[in-house]
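Asks: sequence and predicted structure are below.
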Amino acid sequence: MTQGSQNGSSASPRTFGAGYLFGVPLGDLGWFTSLLMSFALGFAAFFAATFCAILGILFYNTATQRSVDFSLTYTRVGLPVGVLVLLVALSYLGTLWIRRQLRKS
C-alpha cells in the first residue's frame, strides 16, 4: 500500500481556473499571442463546422433524394460558428491579458 501525499499538493497539473486551460497557462500570454490564438480558434471552428455541415447535407441529400445547395454550409453554419468562437476567444483571452496588465501596475 502506498501513502497519499500529506502536504496536500497533487502531482497533476491544473486544468481549469486562474488562467489555466488543460494545463496551458493562458494567463501568461502576451497581447499578440492572445490575438493570434483567438483567430486560430475562430478559423478552426469555421472549418470544423463547415466540414460537419457538408457531411450533414451530404447524408441528407443521399437519404431524401433532394438537392440542397452546399454553399449554405459556409454562409449559414461555418461563418456564424467561426465568428462566435472568435468573439468568445477574443473576450476570454483579452480579459486575461487586461487582468495581467492591471495586476502588474
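Replies: Happy to help now that I have it.
Asks: for the protein, give me the ranges with low pLDDT.
Replies: 1-19, 27 (pLDDT under 70).
Asks: nearest residue to the middle of it?
Replies: Taking CA atoms, centre = their mean, the centroid of the chain lies closest to Leu41, which sits 5.2 Å from it.
Asks: look up how far Gly56 lies from that residue.
Replies: Per CB to CB, to the nearest Å, Leu41 is found 22 Å from Gly56. All C-beta atoms are positioned from the backbone trio N, CA, C, and that covers glycine.
Asks: and the strands in the chain?
Replies: 20-21, 24-25 (DSSP state E).
Asks: adding mean neighbour count and distance to Ser34, write those out as a markdown table.
Replies: A markdown table is the format used below for the strands of the chain (neighbours: other CB atoms under 10 Å; distance: least, CB to CB, whole Å):
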| stretch | mean neighbour count | distance to Ser34 |
| --- | --- | --- |
| strand 20-21 | 14 | 13 |
| strand 24-25 | 14 | 12 |
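Asks: so which of those is nearest Val68?
Replies: Closest to Val68 of the strands of the chain, according to CB to CB: strand 20-21, at 36.7 Å.
Asks: the closest one: partners in the sheet, and parallel or antiparallel?
Replies: Sheet pairing of strand 20-21 (DSSP bridges) gives strand 24-25 (antiparallel).
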